[in-house]
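K.L.:
sharing a sequence plus its predicted fold:
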Amino acid sequence: MGQTDTGHYLTVQQMISQLEEIGIEAFCKTVISDIEQLVAFGVDIICVKSTQNRYYINSRTFTLPELKLLVDAVEASRFITQEQSDVLMNKLMSLTSSH
């Protein structure tokens with residue numbers, strides 16, 4: 001759900017479609033069960049009740065300004081190679097919504 005935030009939701013069917021695009025077969029009951037397990041594990045997932053429930057991650061470990069600060073620090077570092085910098089920045093960017 002790296003594409004979700006308070007303004008961007010995904011339905012279970014959209015999640016299933018995205019999983020299928022990367023070769024993972026998923027079913028409605030399984031996805032719902034997985035979401036419940038993530039919530040039980042402490043992930044802040046909000047369900048907006050409607051005819052097709054919509055889900056999004058409400059809060060993340062880092063705020064966007066914190067991630068920008070970390071990316072800037074990685075880019076400015078003289079002892080990190082460009083390849084290491086690219087890997088670290090991709091990992092940092094995966095911690096927030098793609099929006």
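P.N.:
Cool, the structure landed.
K.L.:
centre of the chain to whichever strand or helix holds residue 33, how far?
P.N.:
Secondary-structure assignment from DSSP states H and E places residue 33 in helix 28-41. Centre-to-centre, helix 28-41 and its host chain are 15 Å apart (CA atoms, centre = their mean, to the nearest Å).
K.L.:
ditto for stretch 37-46
P.N.:
13 Å.
K.L.:
okay, now the unreliable bits of this structure?
P.N.:
Within the chain, the segments meeting pLDDT under 70 span 1-2, 60-61, 95-99.
K.L.:
packing partners for the helix holding residue 33?
P.N.:
On a contact count with 3 or more CB pairs under 8 Å, 6 or more residues apart in numbering; DSSP states H and E, helix 28-41 meets helix 12-21, strand 45-48. For every residue, glycine as well, the C-beta is placed using N, CA and C.
K.L.:
outside of the first one itself, list whatever touches it.
P.N.:
What it means is helix 12-21. 1, 10, 25-28, 31-32, 52-53, 55 (CB atoms under 8 Å, 6 or more residues apart in numbering).
K.L.:
what do you get for stretch 82-90?
P.N.:
By CB under 8 Å, 6+ apart, the list of residues contacting stretch 82-90 from outside reads 71, 74-75, 77, 80.
K.L.:
domain ranges for the protein?
P.N.:
10-57, 64-93 (automatic domain parsing).
K.L.:
okay if I get the ones you listed as CSV plus mean neighbour count?
P.N.:
What follows is these, written out as CSV (neighbours: other CB atoms under 10 Å):
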stretch, mean neighbour count
domain 10-57, 13
domain 64-93, 12
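K.L.:
before we move on, the earlier item: pipe the helices and strands packed on helix 28-41 into a markdown table and attach distance to residue 84 per row.
P.N.:
Shown next, in a markdown table, are the helices and strands packed on helix 28-41 (distance: least, CB to CB, whole Å):
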| stretch | distance to residue 84 |
| --- | --- |
| helix 12-21 | 29 |
| strand 45-48 | 32 |
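K.L.:
about what we covered before: between the helix holding residue 33 and helix 12-21, how big is the angle?
P.N.:
100 degrees (axes from the mean of the first three to the mean of the last three CA atoms, to 10 degrees).
K.L.:
what's helix 28-41 in contact with?
P.N.:
So helix 28-41 is in contact with 12-13, 15-16, 19, 45, 47, 55, going by CB under 8 Å, 6+ apart.
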